[in-house]
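Asks: Structure for this input, please:
(chains A, B and C)
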Amino acid sequence: MSGPPIQPLVQLRGLEKRYGGRPALRGIDLTIDERQILCIVGPDGAGKTTLLRAIAGLLEVHATEARVLGYDLTADVTELKARIGYVPQSFSLYRELSVMENLTFTARLHRMAEAEFAARSRELLERTGLTAFADRAAAALSGGMRQKLAIANALLARPALLALDEPTAGVDVVARAEIWALLERERRDALILWSTSYLDEAEACDWLIYLDEGRVVASGTPAALRAAVPLELYRAWGDDARTIARAARALPYVQGARAAGRFARIEVQQRRTPGVARVLRDLERLPGGTVRFAEQAEPDMESTLLALAQGLAG
Amino acid sequence: MIIRTRGLTKRFGDFTAVDHLSIEVEPGTIFAFLGANGSGKSTTIRMLIGLLRPTEGTVEVDGIDVIRHPRRVRDRIGYMGQKVSLYQGLSIRENVEFYAGLYGLAGAELERRWGALRERFALSQAEREKPEDLPAGIRQRAGLALSTLHNPRLLFLDEPTAGVDVRSRALFWELIQDEAGAGVTVFVTTHFLEETDYCDWVSFIDAGHLIANAAPEELRRRYSDGYRVDIEGVPAERDRLAALLPGGRIEATPSGLQLVLPTLEPAALAALERLVADHPGTRVRIEQPSMTDVFRRVLAERAASGGEP
Amino acid sequence: MSWRRLRTLLRREMLATYRDPFTMSILIAVPLVALLLFGFVLSTKVKHMSLGVHDASDTPASRRLVADLSASGTFDPRPFATREELEHALVSGTVSAALVIPPDFARDFGRDLGDPTPGSARPEVQVLYDGGEAPLAGNAEAFLRALITSSGASLAERHRAGGSNSAGVGVVTRALFNPTLDGVPFMVSGTFGFVLSFLTTLITAVSIVNERQAGTFDQLQVTPATAVEILLGKILPLGAVFVLDVVIMMMIAGVVLHVWPHGSFLFFVLVSAFYVLVSLALGLIFSATSATAAEAVQKTVLFSIPLVQLSGFAFPIRNMPAVVRWLTELLPATHYIRLSRAIYLRAAGPIALLPEIGFLVLFGVILIGFALRTIEARG
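Replies: So this is what the prediction gives:
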C-alpha cells in the first residue's frame, strides 16, 4: 500500500557489500526524498545489480546508515519486502504458468483480497497490453511481453518502491517504449529505481546515478550532469563522415571521433581544448575530409557518460 | 556482393528462428543486423560463418558456398561471439599466440601485427593479464583485436558492445569504422539502435523476419520527419535556398529560417556551406533524426498495417 | 593436417590444464585414492576370518584338523562349547563361518573303507557360513573345503602308514594364479579400469562443455583448425596425464600393496594408454549432448555406475544373466579390465590377448569417429 511517502524514501550512508573477497559496493551514499524515476547507469560489474538488490532488501549489507522506506536494511526486512516490487535481470517468474496464474500466485503470497486482486490484475493487464494473453504460458510470450508481465507482477501489490534491473535489456524498441510509459505512470505512486544501458532512457529519467567499481561517481539530473560534463562536443558535417572522423582524430586535442550518419561526432576534453573558435576552424579545414561546416553541439548523454567513465580512467 | 543469402531459414523443431532471409552485403561496408533478443540475430550470424547448418536457403560468403564448404571461409573471416572467446587461465598475450598459431601467424610477422593492434586497441597494459582479471570493456577490445589478427577480409561481430562501458563502445566503433575504411567488410549484430548511425546498411529483424533493409539515410527519409536545419541570419535568402533545396520545407522563425529536409544531400550541405561563407556570422544548426525514433516508427507502421510495411 | 596448428592446440590445452590446480589435483589424487581404497580397504582378501568351531569329538584327529586351519593364517578359530552357542554366534555375526566336528569324527577316520559295516562313510564335518557375504563366502567355502580335504588326506596318510587301509584321498582344489585367493591383485587390476573409465570420460565431458559455454569452442570451429586437430589437441595432453597416472598407480600398487604385474610393464602401459584415448573420446561425445557442465557430469556418472557394476570390476560377469553378459561385451571397459587382469595376474602377452585388443581398437575407432562428428556438427 502506498500512502504519503516516508521521508526520506531511501537513506544510504557508507553502504558496503562484499562477495567473498571481492567488494561489490564500496561505500554508497544516497538520499532520495521524493517519488521519481531514478536511473542507475554504469559498466558491467559496477555494482548496479548489487545496489538494487541491496535496496530491495535481498542482501546482507554493512552501512553507517541504511534505511529504505524507513526500514533498516541491516535489521529484519520482512516488512520492507512486502512494500517493494523487484524485477531482476533474468526472467524469474514461472514459465510453465500462464500470465494470470503467475499473478494469482503473487497475489496469494501477498495475501491480497480476491476483489482487490481482480480489479488490480485487470487494470495492470490492460496497461501492459496483456489482457488478450492472460491464459498464455509465460514461456510462450515474446521477450518484451515477458518483461511487461514481470513488471505487472511487481506492481500488483502496489509497492512503494519499485526496483528493476535492466528491464529493457535486449527488448525490442516498441516494447521498450511501452515499458517506459508504464513506469512513467507509476511515478506518482512509487519510487522507481532502475538500471539501464540505453542512453535514451538515461536521458529521460528524473535523476541519474553513475556507478563504477562500487562507487557513485556522479549523481544528478540528466540536464545537470550534461551541463557539468568537461567535454566539448562538435559535429562536422560533410559528404564522407568517416573520412572526416579519421582526419579529426589526428588533431592533437581530439579525444574521440566517429561518423554518425551524415556528420562526424568529435569529442574534445575541456582541459585540452584550444577554444571553440579554433576547433571549428580546424575542423572546417581538415585535410582530406570534405567538411562543409562544423558546429558545436550540446553534450548529449553519450558524451556525458563517456566523460564520467573517462574521469575514472584518469 | 561479398555476402549473399537467399531464403535463409532455420527451424528448431516447431520454432522458426530465421524465416526466409535474403540479404546482400557490399564489400568494405559496415552492415548492421539489428533486432531484439531472440529475434534470430545470433542464429543468422552463425549460419553465415558455417557454425550452423540452415534448414533452407543459400549462403554465399566471398564467393564460397558456406553450406557445402564451411571450412573454406575460415581463414578469411574473423569472428567475435557474444561471449568473448578468450581462454581463462591464459594471459592475453598467450591467447594471441594461440590464435596466431591456428592461422599460421608467427615470428616477426606476428610481432609486427600484434604490436600494431596492441597500440590501436590500447591493450599494452592488459597484455600480461588474464581475461578473468580484466573489466568487460578491455576484454571485448582484446576479443576484437584477436578477430582481426590474421587480417581477415570479413569480420563477424555478434553484439560486440553489449554490457560494455560507454568509453569502450565509442572506441569500438572508431575501430570498426577504421577497418571498413581499410576495405574490411564488417557484419555486426546489435540491439542498440543508435549504433546503426555508425553503419552503412541496416537490416532489422523481428521474430525471424526482415522488416527493414536499407541504408540509415534511406530509413530516415522514409520513417522520420526529416532533418531540421535552423539558420539564424538572413531571411532574404529564402527563395534562393528554396531553389537549392528541393523536397524540403522552409519556414520562417523568429531568429531566421528553419528547413526541414527528408535527407541531407551533398548539394544541400554544399548550399549551406556557401551560405555560411557568403554571410559570416550566420549560425547553422542541424538536427539529425535519431534512429531510435526511426525504428519506433518502422515498428508502429508495421503494427498498424498488420504486416510487412 | 597442420603440425603447427596441432602444436598450437596442444600447447594451449597443456597450459590451461597444468595451470589449473583443481583439475590437476583431481587427476592425480583420485586415481591414487581409488587404488588405495580398493586395494587396501575394500579388498575381498580372506584373512583372519573368525571361524567358530564346535568340536564335539575332541580327539587328536579333530584337534589336528583345527590346528591345520589356524596355521594357514586365513582363519582364526574360536571354540564354542555347544552347537547352539555356535549358531547364535553365526547369526549375530560374531563369527563369519562355523565348523562343526561331529562326535564320531575320529572313529570314522579310523574306519577302513573296506569295512563292510553298513553306514560307514568318510569322516564328515559340517561347515556353516554366512552366504550373504557372497564374495567372502565363495572364497571361504572353497578355502575351507580345500583345507579340510587336504588335512583329511594327510590324516588318512598317517592312518594308512599305521597299517589301516583308509582311502582318505580327497580332491584338493587349488586356486591357480592366486593360491591364497588374495583379493588385492584382483581389485588392483580392476581399479585401473574403473579410474581410467570414469575419470577420463568426466574430464573431457566437462572440458568441452565449459568451452562451449565460454564461447571458445565456437571460436575454435571458426578457425582453420580441423576436427582431427581439435580432437587430438584435447585428448593428447589429457591422455599424457592419465598415462602418468597409470605409471604412478602401478608404482604405488607395487610398493605399498605389493602387487606388481606378472606380465609386461610396458605392454600394460601401452594398452592402458590406448584405453585412455578411447575413454576420452567417449567424454567428448557426452559433452556434445550436454548444455552445461552439470549435465555432462550427470551423464558421466549415470553411465559409469552401470559400467562399474557390469564391467567385471567388482562383480564377476559369469554370474550375470545371459542378456546382461551380452551387454557387458559392448562396454570397452569390460575388455580393458579383462586385459588388465590378464596382464597383471596371468602374465598374458599380446598374441594371447589379440581378440580383446581387437575389440578395443574397434571401439576406439567407432568412438573417435563419433567424437569427430560431434566436433564438426553444425546443428
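Asks: Near chain A, which residues of the stretch 151-300 of chain C are found?
Replies: Taking Cβ under 8 Å from any Cβ of the partner chain as the criterion, chain A has no neighbours within the stretch 151-300 of chain C. To be clear about C-beta, it is placed using only N, CA and C from the backbone, and glycine gets the same treatment.
Asks: Show me the helices in the stretch 151-300 of chain C, by range?
Replies: Taking DSSP state H, counting those that start in this stretch to define them, one finds helices in the stretch 151-300 of chain C at C:183-214, C:216-222, C:227-257, C:265-288, C:293-310.
Asks: any low-confidence regions in the stretch 51-200 of chain A?
Replies: In the predicted model, the stretch 51-200 of chain A carries no residue with pLDDT under 70.
Asks: Identify the residue of it closest to chain C, quick one.
Replies: Across the stretch 51-200 of chain A, the shortest distance to chain C (Cβ to the nearest Cβ) belongs to residue A:90, at 15.3 Å.
Asks: Which element, helix or strand, includes that residue?
Replies: Secondary structure assigned from DSSP states H and E places residue A:90 in neither a helix nor a strand.
Asks: Relative to residue B:210, how far out is it?
Replies: Taking Cβ to Cβ, to the nearest Å as the measure, residue A:90 and residue B:210 are separated by 28 Å.
Asks: Could you do residue A:229 as well?
Replies: 38 Å.
Asks: coming back round to it: can you redo the helices of the stretch 151-300 of chain C as JSON lines with mean pLDDT?
Replies: Formatted as JSON lines, the entries for the helices of the stretch 151-300 of chain C read as follows, by pLDDT from 0 to 100:
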{"stretch": "helix C:183-214", "mean pLDDT": "81"}
{"stretch": "helix C:216-222", "mean pLDDT": "87"}
{"stretch": "helix C:227-257", "mean pLDDT": "88"}
{"stretch": "helix C:265-288", "mean pLDDT": "88"}
{"stretch": "helix C:293-310", "mean pLDDT": "83"}
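Asks: of those helices, which approaches residue B:81 most closely?
Replies: The stretch from those with the least distance to residue B:81 (Cβ to Cβ) is helix C:216-222; that distance is 5.2 Å.
Asks: Could you pull out the buried residues of the helix or strand residue B:119 falls within?
Replies: Following DSSP H and E, the helix or strand that holds residue B:119 is helix B:107-120. Neighbour counts over helix B:107-120 (16 or more other Cβ atoms under 10 Å in any protein chain shown) mark B:110, B:113-114, B:117-118 as buried.
Asks: And that helix, what does it pack against?
Replies: helix B:92-102, helix B:136-148 (3 or more Cβ pairs under 8 Å, 6 or more residues apart in numbering or on different chains; DSSP states H and E).
Asks: between the shortest one and helix B:107-120, how big is the angle?
Replies: Between helix B:92-102 and helix B:107-120, the angle formed by their directions is 130 degrees, by axes from the mean of the first three to the mean of the last three Cα atoms, to 10 degrees.
Asks: what's the answer for the last one, then?
Replies: On the basis of the same axes, to 10 degrees, helix B:136-148 is oriented at 140 degrees to helix B:107-120.
Asks: C-terminal to helix B:136-148, what's the next element?
Replies: The first helix or strand that comes after helix B:136-148 along the chain, using DSSP H and E, is strand B:154-158.
Asks: Tell me which other helices or strands that next one touches.
Replies: Under the contact criterion of 3+ Cβ pairs under 8 Å, 6+ apart, the helices and strands touching strand B:154-158 comprise helix B:41-48, strand B:77-80, helix B:136-148, helix B:166-181, strand B:185-190.
Asks: Of those, give the one that comes closest to chain C.
Replies: With Cβ to the nearest Cβ as the yardstick, what comes closest out of the helices and strands packed on strand B:154-158 is strand B:77-80 (4.5 Å).
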